[in-house]
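1. need a 3D model of the sequence below.
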Amino acid sequence: MIKVIALGNTLMEDDGIGIVVVNKLKETLEKNNIDVIIGETDFDFCISQIQDGDFIFFVDAAFYGKCPGEITVTPLNKYKNKCYFQHNISAIDMVKSHFKNIKGYVIGIEISSVSFKYGISNFLKNIIHVISENVLKEILGGKTIEV
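-> Residues are numbered from 1 along each chain as shown. Here you go, the predicted structure:
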C-alpha cells in the first residue's frame, strides 16, 4: 500500500508546511488510491498506521540552506540522520528500525521561517500551489493523475 505521512507542527510556522501541503493534496491522493496520514508530531500514531511492505512518502519541513519552498527528495534507504528535519529522529528512524520491508522517500520542503506562530510564513503561502504541485509530481511520479 502507498501511504503519504505528513509530519510537522502547525503552531511553529513553516514547520507545519508538510501538513498544509498534504491536506491540500489529500483528495487527489486518495482518488489515486494513496492513503493519507496526517501524523503531525504523533509518531506513535504514524508507526501504528504502517505495515511491512508499505511504500511510504514522508512529507516534512526541512532546512538544507536552499531556497524556501524548494523540495529535496531522499530515498528512505539512503536517508541519513544528518539532514535538518525536526522530526527525523523520532518518526523516520523509528520506521526504518521497526520495519525492514519498507520502501519510500522523504520529501523535505525548505522552510523560510520557524517561530511560535500558527500557520506558514507569507513567503511559503505565496508559493503553496507550486510547492504542492512539485510534491504531487514526486509522489505520483509519472502516474496518471486522477482529479
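
2. drop to CA atoms for contacts and neighbour counts, all remaining ones
-> Fine.

3. tell me who's in contact with Ile109.
-> By C-alpha atoms under 8 Å, 6 or more residues apart in numbering, the contact set of Ile109 is 17-18, 59-63, 68-72, 131.

4. specify which member of the residues you listed is nearest to Ile5.
-> Nearest to Ile5 among the contacts of Ile109, counting by C-alpha to C-alpha, is Val59 at 6.1 Å.

5. bridged to the closest one, which residues?
-> Ala6, Ile107 (DSSP bridges).

6. circling back: any chance of the contacts of Ile109 in JSON lines, with distance to Lys78 too?
-> Listed next are the contacts of Ile109 as JSON lines, based on distance: C-alpha to C-alpha, whole Å:
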{"residue": "Ile17", "distance to Lys78": "23"}
{"residue": "Gly18", "distance to Lys78": "20"}
{"residue": "Val59", "distance to Lys78": "16"}
{"residue": "Asp60", "distance to Lys78": "17"}
{"residue": "Ala61", "distance to Lys78": "18"}
{"residue": "Ala62", "distance to Lys78": "16"}
{"residue": "Phe63", "distance to Lys78": "18"}
{"residue": "Pro68", "distance to Lys78": "23"}
{"residue": "Gly69", "distance to Lys78": "22"}
{"residue": "Glu70", "distance to Lys78": "20"}
{"residue": "Ile71", "distance to Lys78": "16"}
{"residue": "Thr72", "distance to Lys78": "13"}
{"residue": "Ile131", "distance to Lys78": "23"}
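
7. which of these has the largest number of neighbours?
-> When neighbours are counted by other C-alpha atoms under 10 Å, Ile17 leads the contacts of Ile109 with 33 neighbours.
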